[in-house]
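Q: this one's structure only:
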C-alpha cells in the first residue's frame, strides 16, 4: 500500500521503521516543525524527521493542516492510508477523508480506557495492572474511533512510565503490521468503543510533580513511577527542590511521620501517610542524578523532614 506517515517523537520511530522495512511504500512523512532544543536552543528536527531523511522519504512540516494548499498537497499523494502516531496536530475532516482507507492511529492505552494526552502516565499513577496500545480509526472526536487491533502488556511493580513508553512504542509497530495485513486481505474487523467504559488521561501539569507525603506509600510509589521521565516527582529538601526519579515501597517497620527521613545503613527511608518509601535515585538542582548511596555520602539527612 501507499502510506502517508505522520508522527513526531521517539514513540513514533519504531512504527515508521517497520513501514520502511516492509513492502509498503511510505510516500511522505508529516512531522512537527523543527523546535528549539538544548542549552543553545538550536532548531532541532524531530526523531521522525531524522529517520525519514535518512531513508530518503519526503518530509513535510506544516504548522497546521488547515490551509487549502496543505490539504491539496496531501491529497496529491493519492495514498491508500495515513498512519498517525503522536503527530501533535488535530486532523481536519478533509485530511481524514483523503486516503482510500482513511487514517488510523496508534494510541498508548487499551481503549476506551485512557483517551487523551497522557495515557501511559495515568495508567501507572492509577495502579492499573495492564496497559497496551490500540490501533484505531481516526475520527473527529478525540480517540473515539473504532478499534482495529490491541496489543497488551502487564504493568509490573517496578515499571515507570518511561519503561512502558519504550515497550508500547514497539507494540504499536507490531499491532499496525497486523492491521495492514488484514486491510490487504479484506479481513479487518472494527470494534466500536463502549462509551460507558471511557476514562480520560488528562495532560500532565508541572504542579502535579510535588509529592504529598500524607499519601500512602502505595500511592506515592505509583506517582513517582508515573511521573518518570516527565515532569519527575519532587519534594523540598533543605529549602531546595529534590527530584525523585525512583523509589520502592519500604519494608521498614519504624513509625515515621509523613515526610520524616531516616537513614538506615545505605538506605534513605521516608515516612508517608501509610507505610514508608525507600528513595533510590534523586537529583538536586544543577546536579546529576544520583543513586541514593552516593547521595547519602555527601548529604547529612539526620533530622530532615521532606516537603
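A: Received the coordinates, thanks. Computed from a predicted model, the values in this text were never measured in an experiment.

Q: mind listing what the closest residue to residue 164 other than its chain neighbours touches?
A: For residue 164, the nearest residue in space outside its immediate sequence neighbours is residue 120; the separation is 5.2 Å by Cβ to Cβ, 6 or more residues apart in numbering. Every C-beta, even on glycine, is put in place using the N, C-alpha and C of the backbone. When contacts are counted by Cβ atoms under 8 Å, 6 or more residues apart in numbering, residue 120 touches 108-109, 131, 161, 164-165, 168.

Q: now the strands: where do they sit in the stretch 201-307 of the chain?
A: Secondary structure of the stretch 201-307 of the chain (DSSP state E, counting those that start in this stretch): strands at 233-237, 240-249, 261-264, 267-271, 276-283, 290-291.

Q: how about the longest one: buried residues?
A: It refers to strand 240-249. Buried positions in strand 240-249, judged by neighbour count with 16 or more other Cβ atoms under 10 Å: 242-247, 249.

Q: dump the strands of the stretch 201-307 of the chain into a markdown table; add mean pLDDT as well.
A: Supplementary listing: those in a markdown table, determined by pLDDT from 0 to 100:
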| stretch | mean pLDDT |
| --- | --- |
| strand 233-237 | 97 |
| strand 240-249 | 98 |
| strand 261-264 | 94 |
| strand 267-271 | 97 |
| strand 276-283 | 98 |
| strand 290-291 | 98 |
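
Q: mind putting the ones you listed in TSV, distance to residue 23 included?
A: Below are these laid out as TSV (distance: least, Cβ to Cβ, whole Å):
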stretch	distance to residue 23
strand 233-237	45
strand 240-249	42
strand 261-264	58
strand 267-271	54
strand 276-283	44
strand 290-291	47
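
Q: select, out of the ones you listed, the one closest to residue 214.
A: The closest of the strands of the stretch 201-307 of the chain to residue 214 is strand 267-271. By Cβ to Cβ, the value is 10.0 Å.

Q: buried sites along that closest one?
A: Along strand 267-271, these residues count as buried under the neighbour rule (16+ other Cβ under 10 Å): 268-271.

Q: same deal with stretch 17-33?
A: When burial is assessed from 16+ other Cβ under 10 Å, stretch 17-33 yields the following buried residues: 18-20, 22, 24, 26-32.

Q: contact partners of it?
A: Counting by Cβ under 8 Å, 6+ apart, the neighbours of stretch 17-33 from elsewhere in the structure are 1-8, 16, 45-46, 48-49, 51-52, 55, 57-63, 65, 74, 77, 79, 83, 87-89, 173, 176-177, 180.

Q: need the distance between the two termini of it.
A: 20 Å (Cα to Cα, to the nearest Å).

Q: one more: stretch 295-303?
A: Between the opening and closing residues of stretch 295-303 lies a distance of 16 Å (Cα to Cα).

Q: contacts for it next, please.
A: Where contact means Cβ under 8 Å, 6+ apart, the residues beyond stretch 295-303 that reach it are 261, 263, 266, 268, 282.

Q: can you tell me the closest non-neighbouring residue to the fourth one?
A: Think residue 268. In space, residue 268 comes closest to residue 279 once its chain neighbours are excluded; the distance is 4.7 Å by Cβ to Cβ, 6+ apart.

Q: do the third one as well
A: Excluding the flanking residues, the one nearest residue 266 by Cβ to Cβ, 6+ apart is residue 293, at 4.4 Å.

Q: how many residues are close by that neighbour?
A: If you count neighbours by other Cβ atoms under 10 Å, residue 293 ends up with 12.

Q: please name the nearest non-neighbouring residue to residue 152.
A: residue 132 (3.3 Å).

Q: domain ranges for this structure?
A: The record's domain parsing of the chain by automatic domain parsing lists 2-201, 206-298.

Q: okay if I get these as TSV plus distance to residue 306?
A: Shown next, in TSV, are those (distance: least, Cβ to Cβ, whole Å):
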stretch	distance to residue 306
domain 2-201	20
domain 206-298	4
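
Q: buried ones in the helix-or-strand element of the chain with minimal mean pLDDT, by neighbour count?
A: The helix or strand of the chain with the poorest confidence is strand 35-37; it has a mean of 90 (mean pLDDT, DSSP states H and E). Going by neighbour count (16+ other Cβ under 10 Å), nothing in strand 35-37 comes out as buried.

Q: who touches that strand?
A: 42-44, 46.

Q: one more time with 6 Å
A: residue 44 (Cβ atoms under 6 Å, 6 or more residues apart in numbering).

Q: right, and the helix or strand after it?
A: Scanning the chain past strand 35-37 towards its C-terminal end, the next helix or strand to appear is strand 42-44 (assignment: DSSP states H and E).

Q: paired strands for that following strand, with orientation please.
A: Its sheet considered, strand 42-44 pairs with strand 35-37 (antiparallel) by DSSP bridges.

Q: for the partner strand, the distance to its chain's centre please.
A: Averaged C-alpha coordinates place strand 35-37 at 19 Å from its chain's average position (Cα atoms, centre = their mean, to the nearest Å).
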